[in-house]
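Q: Just a sequence and a predicted model for now, questions to come.
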Amino acid sequence: MKKLSQYAPFFLRVIFGIYLFLALKAGVYKPELIDKYGENLTKLGIPAGNILAYVSTISMLICYTLLLIGWKARWAAFPVMINFIVAIVYGHVIPNHSLSQAVPAIVLLVLAIFILMSGPGKPSIDEGW
């Protein structure tokens, strides 16, 4: 059973891959949507919201890809964790959204924390097959 537990994080990493694929398919990373995201960050009182929107978007693309392939996964999980903490606080708590609206961000935060603590598991570039 211990051998099988090494493969559990792989399935969690696949969730990041699915999320990345769905976000790309939905066009979340289009420049006009990133600009709107930056405007929303500025409205929430975050300084340099436009710049941070691009930094956040690019770092999430890189980190999701690293998590999916399992390379430097713990390092990649940390910015994802920070991103979703900010998303939950500024995007859901401060605007007083319902819990159901925050569930995707909470799930991705928990997954990032798990991978940060446990590593990418197998199969991955970090830990092999």
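A: In hand now; what should we look at?
Q: what pLDDT does the residue most central in space within the chain get?
A: The residue lying closest to the centre of the chain (CA atoms, centre = their mean) is V80, at 4.2 Å. For V80, the pLDDT comes out at 91.
Q: which of the residues in the helix or strand containing it are buried?
A: Using DSSP states H and E, V80 sits in helix 73-88. For helix 73-88, the neighbour count (16 or more other CB atoms under 10 Å) marks A73, A76, A77, P79, V80, M81, N83, F84, V86, A87, I88 as buried. The way it works is simple: take the backbone N, C-alpha and C, and place the C-beta from them, glycine included.
Q: Contacts for it, please.
A: The contact list for helix 73-88, computed with CB atoms under 8 Å, 6 or more residues apart in numbering, reads 13, 16, 56, 59-60, 62-64, 66-67, 102, 105-106, 108-109, 112-113, 115-116, 119-120, 124, 126.
Q: ditto for stretch 95-109
A: Contacts of stretch 95-109 (CB under 8 Å, 6+ apart): 15-16, 19, 44, 80-81, 84-85, 87-88, 91-93.
Q: could I get stretch 81-98 in PDB with only the CA atoms?
A: Listed next in PDB are the C-alpha coordinates belonging to stretch 81-98 (Å, rounded to 0.1, in the frame of the first residue of the first chain):
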ATOM      1  CA  MET A  81      -0.500  29.000  -2.800                       C
ATOM      2  CA  ILE A  82       0.200  32.700  -2.400                       C
ATOM      3  CA  ASN A  83      -1.900  33.500  -5.600                       C
ATOM      4  CA  PHE A  84      -4.900  31.700  -4.200                       C
ATOM      5  CA  ILE A  85      -4.600  33.100  -0.700                       C
ATOM      6  CA  VAL A  86      -4.700  36.600  -2.300                       C
ATOM      7  CA  ALA A  87      -7.600  35.500  -4.700                       C
ATOM      8  CA  ILE A  88      -9.600  34.200  -1.700                       C
ATOM      9  CA  VAL A  89      -9.100  37.300   0.400                       C
ATOM     10  CA  TYR A  90      -9.300  40.000  -2.200                       C
ATOM     11  CA  GLY A  91     -11.600  38.200  -4.700                       C
ATOM     12  CA  HIS A  92     -14.100  36.500  -2.300                       C
ATOM     13  CA  VAL A  93     -13.800  37.600   1.300                       C
ATOM     14  CA  ILE A  94     -13.600  41.400   0.800                       C
ATOM     15  CA  PRO A  95     -16.300  41.500  -1.800                       C
ATOM     16  CA  ASN A  96     -18.400  39.300   0.500                       C
ATOM     17  CA  HIS A  97     -19.000  36.500  -2.000                       C
ATOM     18  CA  SER A  98     -20.700  33.300  -1.000                       C
END
